[in-house]
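J.: can't give you the sequence, but here's the structure:
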C-alpha cells in the first residue's frame, strides 16, 4: 500500500484551519510488524467495544492461527474528540491509533479531500469475499472503497407494548404505515398515548428523524458519489408520514429521543410504541423503564404503501485501521477476526449486544435461539432476520453536516403544518446549495 501524500495531506489540513504553526511533519508509513508480540492502541467512545476486543484476545476460537500476540492500550473519549485527536496526531508525528471507532455521523469529516485514504487502511479486499452478505458498507465507503467495518447493523424496528394495544381494542400488527397511523390516531384520541416519536430539538435530532424514515422508504440523502438525492418521491413520502403522524397525535414530539422528556414518556406509558434502532432497547427502553421488563416486544416496521423496506437504520460505529503504524497488519488481523468471522460476530453479540453484520448469521441457531427477557422472552432474531434480509443501503457525503443544518428549520415547519413535504425539500435543497457553494 502506498503512503499518504504529505504535501496533499498538509495542504488539506491547512485548508481546514487545523494546521498548527511551527511546522508539522507527517511520517511515511513505518515498516509493518509481521509477527509476534505487538502493542496496539485502541481508541473508542464506548466501553462495550473495549470489552469486546479484550475478550477476543483471550478467545482461542477467534485468535487461533494468528501470527500475532497483540495487547491493547485503550483510550476512551467522546467520539468527535477522538477523530479530531486522530487527525491532529497524524499530522504531528504520524502516529494515530491503530484501531479507531468512528461514529457514523463523524465519518463524513474524513471524506473531505479523500482524507480517509491517507488515515486508514483500505478494507475493500478483506470485505470483498463476503459480497452482499456483509451489511452496512455504504456509510463508510468513499470512491468505491471501504474504510470502516460497522460494529452493529443498528436495525430500526417497531418496539411496542402489546397489552396497551389490546386494552384499546386495536391491532399492533398493521402491515402498512397508513394503517398504523390510523390506529395511532385512534389510540391517541382515546387515551392521549402515542405510537412513535419525532424530535424538534437540535439539527442533528431533526435530521435523524427524517433520515430514519427516508432510509426505510428506500431513499438516501446522497448517492454513492456524494451527490445530494433528497428531491425524490421517497423523500416526499417519508416527510408526509412524519407530518401526518404529528398532526393526529400518533407521533409524540420530543426535544431529544435520548433525553429526559423521551425517558419520562416511556416510563409514564405515554409512549407505547416507537421506531428506533436495535441498540435503543438497552439505552432507551430498559435504561429508562427497567420495571417494564416483559411488557415490550419488537416487530419489523410497517411498509410504506409506495414501497421501500420493512426495516431502517440509525446510528452505528465503524472501526478503522491506521494506514501508517507499524502495528497496522496486526490490527487488521484482529479486526478481521472480530468482525468478519462467525465466532467474532457471536462474541460481539454476547459481549456488547451488537447485531451481526453478516446477513447469513441471522439464521444460525446461536442467534435464533436467543430469548430476550426484557422483551418477554421473545426470540427477537426471528424478526431481526426478516429485517436483515430487507435492510436498505444508504450513503453519506463530506457535506453531510451542510444537509443536517439545512433541513433543521424546514422540519420544524413540517411539524407545525406550515410547510408541505415538497416545500421542506425545496428549502433544504436551497440552503444546502448555498452552504456548499460558499
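T.: Yep, that arrived. Everything numeric here is computed off the predicted structure, so don't read it as measured data.

J.: Mind giving me the packing neighbours of the helix or strand hosting residue 382?
T.: Using DSSP states H and E, residue 382 falls within helix 381-389. Here helix 381-389 touches strand 155-160, helix 365-368, going by 3 or more Cβ pairs under 8 Å, 6 or more residues apart in numbering; DSSP states H and E. For the C-beta atoms, the positions are set from N, CA and C on the backbone; glycine is no exception.

J.: Compare these and give me the one nearest residue 210.
T.: Set against residue 210 and scored by Cβ to Cβ, those come closest in strand 155-160, at 13.2 Å.

J.: Just the buried positions in the helix or strand following the closest one, please.
T.: Following strand 155-160 in sequence order, the next helix or strand is helix 162-167 (DSSP H and E). By neighbour count with 16 or more other Cβ atoms under 10 Å, helix 162-167 contains the buried residues 162, 164-165.

J.: chain center to whichever helix or strand comes after the helix holding residue 382, what's the gap?
T.: Counting by DSSP H and E, the next helix or strand C-terminal to helix 381-389 is helix 400-416. Remark: helix 400-416 is offset 20 Å from the chain centroid, using Cα atoms, centre = their mean, to the nearest Å.

J.: Next, the angle helix 400-416 makes with the next helix or strand after helix 400-416.
T.: Helices and strands here follow DSSP H and E; after helix 400-416, the next one along the chain is helix 421-437. In terms of direction (axes from the mean of the first three to the mean of the last three Cα atoms, to 10 degrees), helix 421-437 departs from helix 400-416 by 160 degrees.

J.: which other residues reach helix 421-437?
T.: 228, 230-231, 235-240, 243, 399, 402-403, 405-407, 409-411, 413-414, 419 (Cβ atoms under 8 Å, 6 or more residues apart in numbering).

J.: ok, now with 10 Å
T.: Outside of helix 421-437, the residues within contact range by Cβ atoms under 10 Å, 6 or more residues apart in numbering are 207, 210, 221, 228, 230-232, 235-243, 397-399, 401-414, 418-420.

J.: Would you mind listing which of those residues are buried?
T.: 207, 210, 221, 228, 230, 235-243, 397-399, 401-408, 410-411, 414, 419.

J.: what ranges do the strands span in this protein?
T.: 36-44, 68-76, 99-103, 141-142, 145-146, 149-150, 155-160, 196-199, 251-254, 273-277, 297-299, 312-313, 317-321 (DSSP state E).

J.: could those go into JSON lines alongside mean neighbour count and mean pLDDT?
T.: Shown next, in JSON lines, are the strands of the chain (neighbours: other Cβ atoms under 10 Å; pLDDT from 0 to 100):
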{"stretch": "strand 36-44", "mean neighbour count": "19", "mean pLDDT": "97"}
{"stretch": "strand 68-76", "mean neighbour count": "15", "mean pLDDT": "97"}
{"stretch": "strand 99-103", "mean neighbour count": "25", "mean pLDDT": "97"}
{"stretch": "strand 141-142", "mean neighbour count": "23", "mean pLDDT": "94"}
{"stretch": "strand 145-146", "mean neighbour count": "19", "mean pLDDT": "96"}
{"stretch": "strand 149-150", "mean neighbour count": "24", "mean pLDDT": "98"}
{"stretch": "strand 155-160", "mean neighbour count": "24", "mean pLDDT": "98"}
{"stretch": "strand 196-199", "mean neighbour count": "25", "mean pLDDT": "96"}
{"stretch": "strand 251-254", "mean neighbour count": "22", "mean pLDDT": "97"}
{"stretch": "strand 273-277", "mean neighbour count": "25", "mean pLDDT": "97"}
{"stretch": "strand 297-299", "mean neighbour count": "20", "mean pLDDT": "98"}
{"stretch": "strand 312-313", "mean neighbour count": "27", "mean pLDDT": "96"}
{"stretch": "strand 317-321", "mean neighbour count": "26", "mean pLDDT": "97"}
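
J.: quick one: which of those strands is nearest residue 30?
T.: strand 36-44 (12.1 Å).

J.: strands paired with the closest one, and their directions?
T.: strand 68-76 (parallel), strand 99-103 (parallel) (DSSP bridges).

J.: Out of those strands, which gets nearest to residue 317?
T.: Among these, strand 99-103 sits nearest to residue 317 (Cβ to Cβ), with 4.8 Å.

J.: Cool, thanks, signing off.
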